[in-house]
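Trainee: can't give you the sequence, but here's the structure:
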């Protein structure tokens, strides 16, 4: 969470209202300056399985997310940013699917909404099977839908990059699993499209993707540039087809 007062109540409520009851919520605040903490405290007083960790300074997404991973006690670990929302059966559906399919890494389709919470009638469809080599070309896992089995894979942390560290986490999880991630076709979450999001700035998107290859995966400059060419084709000509109008589904 960072200055999430406008959205955090809806986000937390979407977890409290899950049909699967055996959850633990670890909230990590990245030094918010608004009323985020005060809002969170009202939930903590009612729900003992909600825990709060406050950063002493603004440390960024990677370090903040890792604090949550390290504090988590559950057999499975899932992620949700402070402005996104899970649908009520998200955890139940995903856990049943993972247990039924002997799956270590799982994700799902998700719907888009705007900053005001109005649904955009747009859905990002999950690939049914996502091997490491396919994920290396572009990030096909919406982080708000991703889940991995920490009992099998142990805790997998995010590299300390300013952006796109979630992509690296899922690459590491699939690589350690040795099996592809599996995608649930049903939409299990809502992603809030913000005007200041990185995906709205194509130049920044390309820059941070390059650092995934160069710094995150420690590839050579030549290999990183080569993979960026593959990424450009994959992202704009193949992955873009995964975003569809919901009135056509």
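Mentor: Done, it's in. Owing to the predicted nature of the structure, the values given are computational and were not obtained by experimental measurement.
Trainee: Now do the contacts for the closest residue to residue 79 other than its chain neighbours.
Mentor: Closest residue to residue 79 apart from its sequence neighbours, by C-beta to C-beta, 6 or more residues apart in numbering: residue 143 at 5.2 Å. Glycine gets a C-beta too; all of them are placed from N, C-alpha and C. For residue 143, the contacting residues are 79, 81, 166, 170, by C-beta atoms under 8 Å, 6 or more residues apart in numbering.
Trainee: Pick out the one among those residues with the largest number of neighbours.
Mentor: residue 170 (23 neighbours; other C-beta atoms under 10 Å).
Trainee: my read: that residue touches residue 135, true?
Mentor: Yes: with contacts counted by C-beta atoms under 8 Å, residue 170 reaches residue 135, the gap being 6.4 Å.
Trainee: Return every residue with contacts to both of those two.
Mentor: In contact with both residue 170 and residue 135: 141, 181, using C-beta under 8 Å, 6+ apart.
Trainee: Residue 122 belongs to a strand?
Mentor: Yes: in this structure, residue 122 lies within a strand as judged by DSSP: H, G, I helix; E, B strand; the rest coil.
Trainee: ok, it touching residue 242?
Mentor: No: using C-beta under 8 Å, residue 122 makes no contact with residue 242, being 10.9 Å away.
Trainee: Pick out the residue nearest the middle of this structure.
Mentor: The residue lying closest to the centre of the chain (C-alpha atoms, centre = their mean) is residue 143, at 1.4 Å.
Trainee: Next, give phi and psi for that one.
Mentor: Note on residue 143: its backbone torsions stand at phi -60, psi -30 [degrees, to the nearest 10].
Trainee: Kindly report the same for the one 4 residues further on.
Mentor: Summarising the backbone geometry of residue 147 under the convention degrees, to the nearest 10, its torsions are phi -150, psi 140.
Trainee: Please identify which pair of the contacts of residue 143 lies farthest apart.
Mentor: 81 and 170 (15.1 Å; C-beta to C-beta).
Trainee: and the most far-flung residue of the chain relative to its centre, which of the three is it?
Mentor: Distance from the centre of the chain peaks at residue 222, with 29.0 Å (C-alpha atoms, centre = their mean). Following three-state DSSP, residue 222 is assigned to helix.
Trainee: what's the answer for residue 174, then?
Mentor: helix.
Trainee: Also the one 10 residues further on?
Mentor: Assigned by three-state DSSP, the conformation of residue 184 is strand.
Trainee: what's the distance between it and residue 174?
Mentor: 16 Å (C-beta to C-beta, to the nearest Å).
Trainee: between those two, which one's more packed in?
Mentor: residue 174 (25 against 22).
Trainee: which residues touch the more buried one?
Mentor: So residue 174 contacts 105, 130, 131, 132, 135, 180, 181 (C-beta under 8 Å, 6+ apart).
Trainee: which one is the third one nearest to, not counting chain neighbours?
Mentor: Same thing as residue 131. residue 180 (4.3 Å).
Trainee: does the one you found really touch residue 133, like I thought?
Mentor: No: assessed by C-beta under 8 Å, residue 180 is found out of contact with residue 133, at 9.6 Å.
Trainee: more crowded one of the two?
Mentor: residue 180 (19 against 9).
Trainee: Need phi/psi at that one.
Mentor: Dihedral angles (degrees, to the nearest 10) for residue 180: phi -60, psi 150.
Trainee: That one: what's it in contact with?
Mentor: So residue 180 contacts 105, 129, 130, 131, 132, 174 (C-beta under 8 Å, 6+ apart).
Trainee: Sort out for me which of those are in strands.
Mentor: Among the contacts of residue 180, the residues falling in strands (DSSP state E) are 105, 129, 130.
Trainee: Buried ones among the residues you listed?
Mentor: 105, 130 (16 or more other C-beta atoms under 10 Å).
Trainee: Please tabulate the ones in strands among the contacts of residue 180 in CSV, including the columns pLDDT.
Mentor: Output for the ones in strands among the contacts of residue 180, formatted as CSV (pLDDT from 0 to 100):
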residue, pLDDT
105, 98
129, 98
130, 98
